[in-house]
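Asks: model the following, please.
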Amino acid sequence: QVQLVESGGGLVQAEGSLRLSCAASGVTFSRFPMNWFRQAPGKEREFVAGLTWIGGMSYYADSVKGRFTISRDNAKTTVYLQMNNLKPEDTAVYYCAADPSITSSTAKDSRKYDYWGQGTQVTVSS
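Replies: Residues are numbered from 1 along each chain as shown. This next block holds a predicted model:
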């Protein structure tokens, strides 16, 4: 049984930083692409960042490039999202998502994912 558990959310002031974690179990973690999405109230879920399992290539939404960094620790079966220079518009519930079929070309489509975490709230105050 695949389980993804996010942590690390909270309330932070604009220009602050947070690091989210997503602990995975029930998967061959080293072979799973891992990705982050977010959903703000009244908005659709949107892709934030992804990391391939081959070569460790990362890719980002334009809105977070240069501010967010995704990384993974295969030994701990955990993926991280380091978020710096946070803005009020980054306020959302952040979700970890995984699916072995995901590629960099399909990563932004939330419908392609079978496995999701429960989400962690990030609130950025101005």
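Asks: what is the residue most central in space within the chain paired to in the beta sheet?
Replies: Nearest to the centroid of the C-alpha atoms of the chain, with distances taken as C-alpha atoms, centre = their mean, sits Trp36, at 2.0 Å. On DSSP bridges, the residues paired with Trp36 through beta bridges are Ala49, Cys96.
Asks: gap between stretch 118-126 and the chain center?
Replies: 13 Å (C-alpha atoms, centre = their mean, to the nearest Å).
Asks: next, the buried residues of it.
Replies: Gly119, Thr120, Val122, Val124 (16 or more other C-beta atoms under 10 Å). (C-beta placed from N, C-alpha, C; glycine too.)
Asks: repeat that for stretch 86-93.
Replies: Leu86, Asp90, Thr91, Ala92, Val93.
Asks: from those, which single one is nearest Leu11?
Replies: Using C-beta to C-beta, Thr91 comes nearest to Leu11 of the buried residues of stretch 86-93, at 9.5 Å.
Asks: now do that closest one, the pLDDT please.
Replies: On the pLDDT scale, Thr91 is placed at 98.
Asks: pretty sure it is touching Ser126, no?
Replies: No: the pair Thr91 and Ser126 fails to qualify as a contact (C-beta atoms under 8 Å) at a distance of 9.9 Å.
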